[in-house]
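K.L.:
Generate a structure from the sequence data that follows.
(chains A and B)
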Amino acid sequence: MLKTFKIGGVHPEENKLSAGAKIETVKVPSQVVIPLAHYSGKPSVAVVKRGDYVKVGQLIGQADGYVSANVHSSVSGTVKKVDVQLDASGYKRPAVFIDVDEKDEWDEGIDLSPELEKDFSFTKEEIIEKIKYAGIVGLGGATFPAHVKLLPPPDKKAEVLIINAVECEPYLTCDHQLMLEKGEEILVGTRILMKVLDVEKAVIGIENNKKDAVEHLTNLAQEYDGITVQALKVKYPQGGEKQLIDAVLNRRVPSGKIPIEVGAVVMNVATTYAIYEAVQKDKPLIERVMTVTGKNMKTPGNYWVRLGVFLSDVVEQAGGIPEGTKKIIAGGPMMGRSLMNLDIPMAKGTAGVLFMDKEEALREPDKNCIRCAQCVFVCPIGLEPFLLMNQSEREMWDEMEQNRIMDCIECGSCSFTCPSTRPLLDYIRYGKSTVGLRIRKRTSKMT
Amino acid sequence: MNVILTSLIILTALAVLLAVMIFYVSKKFFIQEDPRYDEVEAALPGANCGGCGYPGCRGFAVACVDADTLEHLNCPVGGAETMKVVGEILGKEATAKAPMVAVVRCGGTCEHRPRMNDYDGVEHCFIAHNLYSGETGCSWGCLGFGDCELACDFGAIKINPETKMPEIDEEKCTACGACVRACPKMLIELRKIGPKSRRIYVNCRNKEKGAIAKKSCSTACIGCNKCVTTCPHKAITMGENLAFIHDDKCKLCRKCVEVCPTNAIVELNFPPRKTLTATEKTE
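P.N.:
So this is what the prediction gives:
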């Protein structure tokens, strides 16, 4: 019996169409727009100005504040301007526009050789400094700065490192393919993280629909002490931090607390690879793997894409927008955001582009709640989505807070399962953002 | 028979006992309240809209009685007349506030602002706003799902089905401010009604640079500064590529309306001009 998390969860169709497709490199277009804003936290501050010449890997955005990360140039060329650009968030946010030259000149000190660097002798502080400089954020989607996670509060001690290679979102295969192609590097990255956190044990959690990756990493991990690979039962949202800890360690993170409370630190597998590159090769986070997929797509595939490349350029190389596309989604179908157009630059958190046809994209009109409690059964946190939706509709913010709206991970299982096709998540997300704002206001008043 | 009689007697006895108890308790714990609370409350419109900033008309009445002066208190629904009556009851002087009315500062109708994508989520402005910037290229403009219409207790604001834009019924608008709070794009503003309901305002809130604003909406304020230099009363200021007309300084000379290259400045309730085709704008 395979392990999984204990409460809730759904089984959406997997549709991993691009599984097994080799990761191809996307050609760098003549102009890129590198976003300075992150999904969470403050946008970085631009340190280049119009007319500056930048090399690949050069720092262009300095982290601003605690929850923020550095941004590096992904191309060599001249800075055209620092302006706002519409990104996957649906709003215009600051970005650096760069005209690309053909030289593709890399910054000094970056090791471009493809050889595996197994050994490292850096101290803990040096490693964290390198990760911080490289601007590494969680590549699973939340884009939380990685170095913040690696500095737990002094009274807490991590026991286990969990590498999140679950990839529970349907359609996405970028982490899967990365594990097959860069397995050894990921394991070295895991060793580096184990050293930083001073833990003896690391578990790589992979869902069982990626049997080849489980096998591949298990074989490789025999050479590395303390790293084990754990196959997990397929269930959404297993990639959620708290769900993964529950699945792997059988420990539950209390409401409102972070994973270090139960002695665990979770790191995404793509982030681990980026950390390997940052520490061993001094290469900042300037590219990532993304999946371009969809049922009508002729050749769904995985691509290495530099940050700031327009999604339209990526899609063009991947075979163009398939016929009959009704909706385009950045990320997976469960948690991704639908896009207005493809003139949106690649950001650190963009894991995929998904094309949906009319049938898939259709949102049926919502009917009355029939009190079947399906949403309550599937909620992986144990909330009551139908109640939260009603309270959000009626703007009962205090009651929502009492019902622990802030624990919601916005996985969308409730909306997915509702037989009356009620827009549960839309209302809950609105309520969560409003309640979050109220809590922040209250705490800032107190201090 | 016997059962009915017994229960009748018991219930009657209980009723009498409880009535006596209630009578004594109400006497014993009676709270001496200022009778003027009720008087003032009766003089108020009783809409309980919250436009004054207090929880309903009763809350406002209590605040009026307890306050030293009526200087900062104003019932936007009742206006100067109601405040005068309240002032008479309390023997305090009520300062007349200029009557206000809500205006929607967006002119992005379908013809001016082409739709670029379809939104198929929940038809509420606050939810759409939470997700993305809107169906058009302008991220500042009206979403058109009618949260303001829902918020209005007086039926003064309606979404026009043709333009998908809210329209305000000046007769019914009481300037309570409910729509101002409901709009996630912060498009609705309370302005002075002005003499004969004549008003001039900038019908846009787009803070984008001129070229980008113009591209997304043909009637956007492009921040060209023409109105600022033209205004003889220094009533217009420019901030973040957006002009703003201060209604306390504006003398309604309409010079800015004439120079605005995108017709972003709107005049309301003026008689038609002799030379210009102002009838289009006065709609």
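
K.L.:
which residues does B:Leu242 bridge with?
P.N.:
Beta-bridge pairing for B:Leu242 (DSSP bridges): B:Gly239.

K.L.:
list the contacts for it?
P.N.:
Contacts for B:Leu242 (C-beta atoms under 8 Å, 6 or more residues apart in numbering or on different chains) come out as B:202, B:204-207, B:221, B:223. Bear in mind the C-beta positions are built from the backbone N, C-alpha and C, glycine included.

K.L.:
just so I have it, where are all the helices in the chain?
P.N.:
Going with chain A. Assigned by DSSP state H, the helices in chain A fall at A:124-133, A:146-149, A:174-181, A:183-197, A:211-221, A:241-249, A:269-280, A:311-317, A:358-361, A:374-378, A:385-393, A:397-402, A:413-417, A:424-446.

K.L.:
meant chain B actually
P.N.:
Secondary structure of chain B (DSSP H): helices at B:2-28, B:35-43, B:56-66, B:79-90, B:125-131, B:147-151, B:178-182, B:210-216, B:226-230, B:255-259.

K.L.:
Out of those, the one nearest A:Gln391 is which?
P.N.:
Closest approach to A:Gln391 among the helices of chain B (C-beta to C-beta): helix B:125-131, 14.4 Å.

K.L.:
Would that closest one count as contacting chain A?
P.N.:
Yes - on the criterion C-beta under 8 Å from any C-beta of the partner chain, helix B:125-131 is in touch with chain A at B:126-127, B:130-131.

K.L.:
measure the residue of chain A at minimum distance from chain B to A:Ala231 for me?
P.N.:
Nearest residue of chain A to chain B: A:Gly90, at 2.6 Å (C-beta to the nearest C-beta). Using C-beta to C-beta, to the nearest Å, one obtains 37 Å as the distance from A:Gly90 to A:Ala231.

K.L.:
same question, A:Asp87
P.N.:
Applying C-beta to C-beta to A:Asp87 and A:Ala231 gives a distance of 36 Å.

K.L.:
So which of these two has more stuff around it?
P.N.:
Using other C-beta atoms under 10 Å in any protein chain shown as the criterion, A:Asp87 and A:Ala231 rank with A:Asp87 on top: 24 against 19.

K.L.:
Name the nearest residue to that one, ignoring sequence neighbours.
P.N.:
Spatial nearest neighbour of A:Asp87, excluding adjacent residues (C-beta to C-beta, 6 or more residues apart in numbering or on different chains): A:Pro35 at 5.1 Å.

K.L.:
Quick check: residues of chain A near chain B?
P.N.:
Within reach of chain B by C-beta under 8 Å from any C-beta, chain A has these residues: A:86, A:89-92, A:337, A:340-341, A:361, A:363, A:423, A:426-427, A:429-430, A:433.

K.L.:
Please look at A:Gly51 and A:Val82 and confirm they touch.
P.N.:
No - if you go by C-beta atoms under 8 Å, A:Gly51 and A:Val82 don't touch, sitting 11.1 Å apart.

K.L.:
just to revisit the earlier point, drop anything exposed from the residues of chain A next to chain B.
P.N.:
Buried members of these, scored by 16 or more other C-beta atoms under 10 Å in any protein chain shown, are A:86, A:89-92, A:340, A:361, A:423, A:426-427, A:429-430.

K.L.:
before we move on, the earlier item: quick check: phi and psi at the residue of chain A closest to chain B.
P.N.:
Main-chain dihedrals, A:Gly90, degrees, to the nearest 10: phi 90, psi 0.

K.L.:
can you pull the alpha-carbon coordinates of stretch A:224-237 into CSV?
P.N.:
Provided in CSV are the C-alpha atoms of stretch A:224-237 (Å, rounded to 0.1, in the frame of the first residue of the first chain):
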residue,chain,number,x,y,z
TYR,A,224,24.3,8.8,-1.7
ASP,A,225,23.9,8.2,2.0
GLY,A,226,20.7,9.3,3.7
ILE,A,227,18.7,9.9,0.5
THR,A,228,15.7,7.7,-0.1
VAL,A,229,13.1,7.8,-2.8
GLN,A,230,9.5,7.4,-1.7
ALA,A,231,6.8,6.4,-4.2
LEU,A,232,3.4,7.9,-3.4
LYS,A,233,-0.1,7.1,-4.3
VAL,A,234,-1.5,9.4,-7.0
LYS,A,235,-3.8,11.9,-5.5
TYR,A,236,-4.2,15.7,-5.9
PRO,A,237,-3.0,17.9,-4.1
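
K.L.:
centre of the chain versus that stretch, how much separation?
P.N.:
Centroid separation for stretch A:224-237 versus its chain: 18 Å, with C-alpha atoms, centre = their mean, to the nearest Å.

K.L.:
Can you point out the buried residues in it?
P.N.:
Under the neighbour-count criterion of 16+ other C-beta under 10 Å, stretch A:224-237 has A:224, A:227, A:229-232, A:234-237 buried.

K.L.:
swap in stretch A:372-386?
P.N.:
Going by neighbour count (16+ other C-beta under 10 Å), the buried part of stretch A:372-386 is A:374-376, A:378-381, A:383-386.

K.L.:
which one of the residues of helix B:125-131 next to chain A is nearest B:Glu170?
P.N.:
B:Phe126 (25.8 Å).

K.L.:
so how many other residues sit close to the closest one?
P.N.:
Around B:Phe126 there are 20 residues (other C-beta under 10 Å).

K.L.:
Identify the residue spatially nearest to the residue in the stretch 1-150 of chain B positioned nearest to chain A, adjacent ones excluded.
P.N.:
Proximity of the stretch 1-150 of chain B to chain A (C-beta to the nearest C-beta) peaks at B:Tyr132, 2.6 Å away. Computed as C-beta to C-beta, 6+ apart, the closest residue to B:Tyr132 that is not its neighbour in sequence is A:Gly90, at 2.6 Å.

K.L.:
State the mean pLDDT of stretch A:344-352.
P.N.:
On average, the pLDDT along stretch A:344-352 is 90.

K.L.:
now do stretch A:133-147
P.N.:
87.

K.L.:
Neighbours of B:Lys251, how many?
P.N.:
B:Lys251 has 11 neighbours, counted by other C-beta under 10 Å.

K.L.:
How is chain A divided into domains?
P.N.:
A:27-110+A:304-358, A:124-280, A:374-446 (automatic domain parsing).

K.L.:
Same list (those) but as TSV, adding distance to B:Leu18.
P.N.:
Listed next are the domains of chain A as TSV, based on distance: least, C-beta to C-beta, whole Å:
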stretch	distance to B:Leu18
domain A:27-110+A:304-358	60
domain A:124-280	46
domain A:374-446	35
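
K.L.:
Report the beta-bridge partners for A:Val289.
P.N.:
Judged by DSSP bridges, the bridge partners of A:Val289 are A:Trp304.

K.L.:
List the contacts of it.
P.N.:
For A:Val289, the contact set (C-beta under 8 Å, 6+ apart) comprises A:23, A:174-175, A:177-178, A:270, A:302-305.
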